[in-house]
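1. Sequence plus the predicted model coming up.
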Amino acid sequence: MIGPDTEQAKGAAAEPLGLYVHVPFCASTCDFCAFYQIEPTAGAVGSFLEGVEREAGLVEWPGPVATVFWGGGTPGLLAPRDLARLGEVVRSRAGGAPAEWTVELAPASVTAARLAALREAGVNRISMGVQSFQPARLEALGRRHTREQVYRAYERIRGAGFANVNLDLMFALPGQPPEEWESDLAEAVALAPEHLSTYCLTFEEDTALWARLSAGKVKLDPEREARLYEATWDRLGEAGYAQYEIANFARPGRACRHNLTTWAMHAWVGLGPAAASQHGGWRGANVADLAQWRAGVDRGERMTADRRQLTPALLAEDALIFGLRGNAGVDLDAWRRRSPEAPWAEAELRLAALATDGLVERAGARYRLTPRGRLLADGVGAELVGSLSELSSPSSASRPPAGAA
């Protein structure tokens, strides 16, 4: 049988269900950002909010929503009344406020009124995109906030009663000396958030940074990146932040539950233009265009881009790709029970080859990246893409109508 295995289907209702809402509005585009985003005009915001309500009504919800994440874009650009309206959609589908509800905010958009609307809705986790505390680096990245706004926003978030806060930081920025990154880490730790995400700068196509890289104005330096990775892991570990994924660190009990369930290949529903979904035996994304997405929703269509059937082989492949990025690694015995039809013998061959290269280590049925493997995690993932899913790729002719999910 092609599709989710029987055991997974029987237990689907008991598995955690995530909800992701892509809010595509930004006041400006950062030089490193490749996410879909547009200017927040009154007409665009109104169309988006009405579209999300309609799209939520098209979903055959697999069960109650356990975790929610609003990303973007900049969700915090919405007016308080619009945040409240979007919150009503979430609560109506979750049966109340979910256990974990995260909203991304940019420092410049944090106001007391917006925070009050989020608290009233049931949001209990804030993720703030700091990126750097250095004025020159913020300007180079195209960020539209200042160091002072970061501190003011953080104080407001705490003052509004949010007890679970993440800060996003970036390193290996062009011209960034190691001591400057160490200073950024020190300032972030001094604020004492519950969670820190540290991302090595990547150069995405169709971004301003990609153009600068292509023109030779900036250069990649893998050795410098590796040193900064290792320094970050050591510094945050000493400060009490346990690494649980390549880029994510948390105080005890504060790992992002939404991300953990997504990386574990459980179901999630994505609402909004460009939002991805995985449920009902399918994975796909909404078109990355507000007008086209809204027109599709009005026709009763969603999840029409990059649509693929969730075969056991595809789930197994992604279990390896995303599971290995986590410090806990991948337990093949647990996955065999969850998806017995997947090509686990082939998976073990792939893992054995990675172990021979010194990138993976084994403890019983559990496989983890070695310290060297963690530094090369993106390359390990790239090696695994297509390694299992291509063994049993379903015909597009077997796909149901686009609006069926």
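-> Cool, got the structure.

2. drop to CA atoms for contacts and neighbour counts, all remaining ones
-> Fine.

3. mind giving me the domain split of this protein?
-> Following automatic domain parsing, the chain resolves into domains at 6-262, 312-392.

4. So what's the gap between the first one and the chain middle?
-> Averaged C-alpha coordinates place domain 6-262 at 8 Å from its chain's average position (C-alpha atoms, centre = their mean, to the nearest Å).

5. repeat for stretch 333-345
-> The answer for stretch 333-345 is 25 Å, by C-alpha atoms, centre = their mean.

6. picking that back up, tell me which of the domains of the chain sits nearest to E301.
-> Of all these, it is domain 6-262 that lies closest to E301, at 7.9 Å by C-alpha to C-alpha.

7. tell me the mean pLDDT over the closest one?
-> Mean pLDDT, computed over domain 6-262, is 86.

8. just to revisit the earlier point, and the domains of the chain: which comes nearest T304?
-> The nearest among the domains of the chain, by C-alpha to C-alpha, is domain 6-262 at 12.7 Å.

9. Mean neighbour count and distance to G281 added to the domains of the chain, as JSON lines?
-> What follows is these, written out as JSON lines (neighbours: other C-alpha atoms under 10 Å; distance: least, C-alpha to C-alpha, whole Å):
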{"stretch": "domain 6-262", "mean neighbour count": "18", "distance to G281": "9"}
{"stretch": "domain 312-392", "mean neighbour count": "18", "distance to G281": "10"}
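
10. who wins for proximity to G300 among those domains?
-> Of the domains of the chain, nearest to G300 by C-alpha to C-alpha is domain 6-262, at 6.7 Å.

11. Turn the domains of the chain into a markdown table, columns for distance to G270.
-> What follows is the domains of the chain, written out as a markdown table (distance: least, C-alpha to C-alpha, whole Å):
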| stretch | distance to G270 |
| --- | --- |
| domain 6-262 | 5 |
| domain 312-392 | 18 |
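
12. Quick check: the closest residue to G87 other than its chain neighbours vs G43, distance?
-> Nearest residue to G87, sequence neighbours excluded (C-alpha to C-alpha, 6 or more residues apart in numbering): A121, at 5.4 Å. Separation of A121 from G43 (C-alpha to C-alpha, to the nearest Å): 23 Å.

13. so G300 touches V59, yeah?
-> No: using C-alpha atoms under 8 Å, G300 is not in contact with V59, being 9.8 Å away.

14. can you tell me the helix or strand for the residue most central in space within the chain?
-> In the chain, the C-alpha nearest the mean C-alpha coordinate belongs to N259, at 6.3 Å (C-alpha atoms, centre = their mean). Using DSSP states H and E, N259 sits in helix 257-263.

15. Quick one: list the elements packing against that helix.
-> In terms of contacts (3 or more C-alpha pairs under 8 Å, 6 or more residues apart in numbering; DSSP states H and E), helix 257-263 is packed against strand 17-23, strand 65-72, helix 312-323.

16. List of residues touching the next helix or strand after the first one?
-> Read in the C-terminal direction, the helix or strand following strand 17-23 is helix 42-58, with elements assigned using DSSP H and E. For helix 42-58, the external contacting residues (C-alpha atoms under 8 Å, 6 or more residues apart in numbering) are 78, 82, 85-86, 89, 93, 271-272, 290, 294, 297-298, 300-302, 403, 405.

17. what's the answer for stretch 188-197, then?
-> By C-alpha under 8 Å, 6+ apart, the list of residues contacting stretch 188-197 reads 163-169, 236, 239, 241, 247-251, 254-255.

18. Over to stretch 74-93?
-> Stretch 74-93 has contacts (C-alpha under 8 Å, 6+ apart) with 23-27, 40, 45, 49, 52-53, 56, 64-65, 96-98, 103-106, 109-110, 113-114, 117-118, 120-122.
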